[in-house]
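**Student:** Sequence plus the predicted model coming up.
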Amino acid sequence: MPTLNWIGKDKVINHHQDVPFRILDHQYGFTPDGKQEAPVNSGNLIIHGDNLEALKALLPQYEAKVKCIYIDPPYNTGNEGWAYNDNVNDPKIKKWLHKVVGKEGEDLSRHDKWLCMMYPRMVLLHKLLSPDGAMFISIDDNEQPNLRLLLDELFGGKNFIANVIWQKVYSPKNSAKYFSEDHDYIMVYSKDFTKWVPNMIPRSAIQVSRYKNPDHDSRGPWKPGDLSARNYYGDGTYSITTPSGRTIDAPPKGMYWRVSFKKFQEMDADGRIWWGAEGNNVPAIKRFLSEVQDGVVPQTLWRYEEVGHTQDAKKELLKILDFDSSADVFITPKPSSLVDRILQIGSSKDSIVLDSFAGSGTTAHAVLKLNKKDKGNRKCILVEMEDYAETITAERVKRVINGYADVEGTGGSFDYYELGPPLFDENGNLNDQVPLNRIREYVWYSETRSAFNPLTEDQLRNPYFLGIKEDTGYYFYYELQQVTTLDYDFLGTICLKAEQYVIYADNCLLSKTFLQNNNIIFKKIPRDISRL
């Protein structure tokens, strides 16, 4: 399989391992009455902070649990003349590149920079995606070829599903130097193509209108389907006599009737053949709307009449938020109807949806709208690194929940987070600014790769007990500003029996022989705490 190389790739290919693990610092919970209060445990998260560090912070709770990922990363157009910069020359990105790539980063082209920025983020997104999940990525021609090769490398080429074309404008730009660009792409990759099943999308009003009922059939509207087909069928070469008496000697040249003569007679007797109003037409199969699949297979061409265009998106934002004019709005916003189409295909009613380039919050808007429409319980996670995460991203979601202009609110709630301190300080010790419960969550996840469920009865009886998984009991014997020791006294506090025990402490006074004989694994704090 072809691979893509660029300057700096060797520095970022494993960079996700070096990203510090930070906790998520809860700021407030937002409810439909507009109150900002303590955590509401909504399951909907808006996170302000670097999306690379935020994605890593999500791993303990969400690894392999996100059903649908949609991202709208920078297109890297080189356009620096507007507030919401669409390339990788943002000061934060430049600082990160210099730190990670070093002096070599000074020679990077804008494509090298973009790939360096994207690669570790895509690695973490892949980890968060569920085995039956899929990722949808908006992109244009600036980086589409590079993105395809990058994702083939990370996801495997067999997990490429489609490259959707979205008609993003409704009229040509006469100011274009060469061609008026009418479309963007939405690249679709599954985590595992054998497990991902796309949903049907609802029929449009136009598609439904194609079903008529000219003969007043009691089974309802239908549309004609061709009785002939190109595939060879040995029983498909008979002659047919129409009700008017006209004889049709054979199917059209190079074609075959798609059913046998006996089956054809049965269908005709059941009123499933249409001969035309005069009974003289070539027969057609009546396909009833009530009997076809509930929806249609997604296609790779999405017209603006179906999913909206960029002007729709700007008007939508202007209606929700207090921009002075469309010139102040994001230059490439996406209409919520576009993300709605993605959610229809890639999510179910109880899915977790993630957008780590949240921008103005369109993904949350679409999730809330769809939940209201189909009574779903989808949960949405947004990550935005820019300072407008609170004033634009979160503010839009608040107004969508409560209603805006003449649009009724969707209801719902969310919790707002900032990226908190790193788990480990510069000396590799546990950071005393990190709450103990967050350290416990991390240790449990590093051992079991599963989410921590705090405050069980057993944990309340023994505050150092983390849980049991696969017959192994885990204990984290840690006290802030104190030295803990694994000894016989501590073993006396263990109530639950397990085949094996993993016990973290600062020191251990038990002999290696005793530990081995009793299936106890001692891990020293902080030395033996895994660095994700």
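**Tutor:** Arrived safely.

**Student:** The residue sitting nearest the centre point of the chain: what's it in contact with?
**Tutor:** Taking CA atoms, centre = their mean, the centroid of the chain lies closest to residue 69, which sits 1.1 Å from it. The contact partners of residue 69, by CB atoms under 8 Å, 6 or more residues apart in numbering, come to 125, 128-129, 133-136, 353-356. Using the backbone N, CA and C atoms, a C-beta is placed for each residue, glycine as well.

**Student:** Next: residue 197.
**Tutor:** residue 132.

**Student:** now do the same end-to-end measure for stretch 181-198.
**Tutor:** 29 Å (CA to CA, to the nearest Å).

**Student:** leaving aside the residues next to it on the chain, what's closest to residue 49?
**Tutor:** Nearest non-adjacent residue to residue 49, counting by CB to CB, 6 or more residues apart in numbering: residue 419, 3.1 Å away.

**Student:** can you pull the contacts of the one you found?
**Tutor:** 22, 24-25, 47-50, 53-54, 57.

**Student:** Top of the residues you listed by number of neighbours, please.
**Tutor:** residue 57 (30 neighbours; other CB atoms under 10 Å).

**Student:** who touches stretch 433-442?
**Tutor:** Residues contacting stretch 433-442 (CB under 8 Å, 6+ apart): 21, 23, 60-61, 420-423, 430, 452, 454, 466, 476, 478, 480, 529.

**Student:** Now for the chain, the helix or strand with the poorest mean pLDDT.
**Tutor:** strand 36-37 (a mean of 66; mean pLDDT, DSSP states H and E).

**Student:** burial measure for residue 478, as a count.
**Tutor:** 19.

**Student:** Numbering from 34 from now on, please.
**Tutor:** Right, with 34 as the first residue, what we last looked at is residue 511.

**Student:** give me the low-pLDDT residue ranges for the stretch 134-283 of the chain?
**Tutor:** Residue ranges of the stretch 134-283 of the chain with pLDDT under 70: 136-140.

**Student:** quick one: the strands in it?
**Tutor:** Counting by DSSP state E, counting those that start in this stretch, the stretch 134-283 of the chain has strands at residues 162-172, 193-200, 216-223, 255-259, 261-262, 273-274, 280-281.

**Student:** Output the ones you listed in a markdown table; the columns should cover distance to residue 422.
**Tutor:** Formatted as a markdown table, the strands of the stretch 134-283 of the chain follow (distance: least, CB to CB, whole Å):
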| stretch | distance to residue 422 |
| --- | --- |
| strand 162-172 | 19 |
| strand 193-200 | 26 |
| strand 216-223 | 24 |
| strand 255-259 | 49 |
| strand 261-262 | 55 |
| strand 273-274 | 67 |
| strand 280-281 | 68 |
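
**Student:** which ones among the contacts of residue 452 are found in helices?
**Tutor:** The members of the contacts of residue 452 that map onto helices under DSSP state H are 86-87, 90.

**Student:** Ramachandran coordinates for the nearest residue to residue 305 once chain neighbours are set aside?
**Tutor:** The spatially closest residue to residue 305, leaving aside those adjacent along the chain, is residue 319, at 5.0 Å (CB to CB, 6+ apart). Main-chain dihedrals, residue 319, degrees, to the nearest 10: phi -80, psi 120.

**Student:** Could you tell me how many residues sit around the residue lying closest to residue 289 once chain neighbours are set aside?
**Tutor:** Nearest residue to residue 289, sequence neighbours excluded (CB to CB, 6+ apart): residue 269, at 3.6 Å. Using other CB under 10 Å, residue 269 has 20 neighbouring residues.
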